[in-house]
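Asker: Build me a structure from this.
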Amino acid sequence: MSNAQEHLEKAIQIHPEFADAHYELALILKDKKDNERSKEHFLKTIEIRPEFPVAHFNYALLLKDMKDHKASQEHFLKAIDLDQHFADAHYHFGLLLADLEDFEEAKNNLEKATDIDQNHTLAYYHLAKLLIDPEDYEKAKKNYLTAIDIDESFTDAHYYLGKLVAGGLKNDKDGTLVKKPEYDNAITHYKKAISFNKKYAKAHYNLALMYKIQRKYEDARKHFEKAIEIDPNNATSYNNLGAVFVGLKKHQEAKACYEKAIEIVNDYSKAHFHLAMLLKETGSVAPNDKVKSSEDSKEQKAEKSKS
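Answerer: Predicted coordinates:
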C-alpha cells in the first residue's frame, strides 16, 4: 500500500539533497518513535539547509526525548537565533531548562514566549507553576487567570490556581501569613476543573479538603468518596475520609477508612495515629455519639476556659 513515508523515501532516492523530503521523513519517523532514523534525516536536513529554524526546533525536541539535553539546548538556541519570534522554541526551551532546574532561564524563556504570542496558553500556565517564591504570588495568579481567560476549559490551570489560592501567602522568612487562604475561590476553581473533567481525582480530593476545613462534612464526604472511586489505592483519601466520618459522628465508617488506609500503606503513621485516637475514645467499636472531632474538642476546651 502506498504511503507518505514510501514516497518521501523514493523522493530522497531520486534526489538525495532534497532537504524538505528529509525533514518531512524525519517528522514521520519521530512520530513513530524511530528515533535513530529520525535523527539521521534531521541531521541531513540541517546539513543541506543549515538556516532552517523549524528543523532545528523539531530536532531539539527529538534530542530532548532522547535525553541528549546538551545537544537539545544547542538546537533550541539555533532555532531562536534564526527566528527571534519563534514562540514555541522559547516555550519548549523553557520547559527543558525547568527540567534541568535552571529556573531563572526557564522563566525568562516562558515569558518571552508569552511576549511573542499573547495567546500561548501553555506558556502562561507553565510560567505560573514556576513562580513559587512569595513575591511572585500575584504574578503566578495572574498567569493562571490569563491561561484560563484564553481557554476556560483548561482543567489543570483551574486546579493549580485553586491550590495556589487555597494555600494563601506566607512570609518567606518567618512563615507568618501575609495573605489569607481563599477557600471559596479555591472551591470555585476546583469545581470548574471537575466540570470539564469529572474524573479529575486530585480536584475532587482538594475540593473535599476545602469542605473539610470549612466543616461542610457531607460535601467533603461526597468528594473524598469520588476521589476514591477514581483512584481506589490512595491511602490519603481514605485517611481524610475517616476524619470526615469522625466529624459526622459515624465512627464505624471512620474506623473502616483508617483501616483501609493502613491496608494500602502499612507504615502510614497518620492513619495509625488517627485510628489509635478513635479506639482510645470509643473502645474497639465506636458508638455514634462518643467521639468528638478534634475541632469539637477544641471548642469545648475554649468554652471551659471562658467559664
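Asker: Return the distance of residue 193 relative to residue 182.
Answerer: To residue 182, residue 193 is 16 Å away according to Cβ to Cβ, to the nearest Å. C-beta coordinates here come from the backbone N, C-alpha and C atoms, glycine included.
Asker: Check residue 142 too.
Answerer: Taking Cβ to Cβ as the criterion, residue 142 is separated from residue 182 by 14 Å.
Asker: Could you do residue 102 as well?
Answerer: Using Cβ to Cβ, one obtains 31 Å as the distance from residue 102 to residue 182.
Asker: what comes up buried for the host helix or strand of residue 110?
Answerer: Under the criterion of DSSP states H and E, residue 110 resides in helix 103-116. Using 16 or more other Cβ atoms under 10 Å as the burial criterion, the residues of helix 103-116 that qualify are 106-114, 116.
Asker: got a list of what the spatially closest residue to residue 242 that is not a sequence neighbour touches?
Answerer: When the adjacent residues along the chain are set aside, residue 242 lies closest to residue 257, with 3.4 Å between them (Cβ to Cβ, 6 or more residues apart in numbering). The contact partners of residue 257, taken as Cβ atoms under 8 Å, 6 or more residues apart in numbering, are 238-239, 241-242, 245.
Asker: and if you look at residue 24?
Answerer: Under the contact definition (Cβ under 8 Å, 6+ apart), the residues listed for residue 24 are 4, 8.
Asker: Return the helix or strand in the protein with minimum mean pLDDT.
Answerer: Ranked by mean pLDDT, DSSP states H and E, the weakest helix or strand in the chain is helix 294-306, scoring a mean of 41.
Asker: just checking, what packs against the helix or strand that contains residue 160?
Answerer: Using DSSP H and E, residue 160 sits within helix 155-167. Helix 155-167 makes packing contacts with helix 121-130, helix 137-150, helix 183-196, helix 201-213 when contacts are defined by 3 or more Cβ pairs under 8 Å, 6 or more residues apart in numbering; DSSP states H and E.
Asker: Quick one: residues in contact with the first one.
Answerer: Contact partners of helix 121-130, identified using Cβ under 8 Å, 6+ apart, comprise 87, 90-91, 94-95, 98, 103, 106-107, 110-111, 113-114, 117, 139-141, 143-144, 146-147, 150-151, 154, 156-157, 160-161, 164.
Asker: element containing the residue nearest to residue 42 when sequence neighbours are not counted, please.
Answerer: The spatially closest residue to residue 42, leaving aside those adjacent along the chain, is residue 59, at 4.0 Å (Cβ to Cβ, 6+ apart). With the criterion set as DSSP H and E, the secondary-structure element containing residue 59 is helix 53-65.
Asker: ok so, going back, and the residue nearest to residue 242, how far from residue 136?
Answerer: When residue 257 is compared with residue 136 (using Cβ to Cβ), they lie 38 Å apart.
Asker: just residue 187 next, same as before
Answerer: Following Cβ to Cβ, the distance that separates residue 187 from residue 136 is 24 Å.
Asker: who's more crowded, those two?
Answerer: It is residue 187, of residue 187 and residue 136, that has more neighbours when counted by other Cβ atoms under 10 Å, with 20 against 16.
Asker: So for stretch 4-18, what gets flagged as buried?
Answerer: For stretch 4-18, a neighbour-count test (16+ other Cβ under 10 Å) marks 8, 11-12, 18 as buried.
Asker: Give me the subset of those residues lying in helices.
Answerer: Assigned to helices by DSSP state H, the following of the buried residues of stretch 4-18 qualify: 8, 11-12.
Asker: Dump those residues into JSON lines; add distance to residue 31 as well.
Answerer: As requested, these are arranged in JSON lines below (distance: Cβ to Cβ, whole Å):
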{"residue": "8", "distance to residue 31": "13"}
{"residue": "11", "distance to residue 31": "18"}
{"residue": "12", "distance to residue 31": "18"}
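Asker: Out of these, which comes closest to residue 44?
Answerer: Sorting those by how near they are to residue 44, with Cβ to Cβ, puts residue 12 at the top with 8.5 Å.
Asker: So that closest one sits against residue 25, correct?
Answerer: Yes. In this structure, residue 12 sits in contact with residue 25. The criterion is Cβ atoms under 8 Å, and the distance is 6.9 Å.
Asker: how far off helix 121-130 does the helix holding residue 110 point, in degrees?
Answerer: Here helix 103-116 runs at 150 degrees with respect to helix 121-130, directions being taken by axes from the mean of the first three to the mean of the last three Cα atoms, to 10 degrees.
Asker: What lies in contact with helix 103-116?
Answerer: The set of residues external to helix 103-116 that reach it, using Cβ under 8 Å, 6+ apart, is 85-88, 90-91, 93-95, 97-98, 120, 123-124, 126-127, 130-131.
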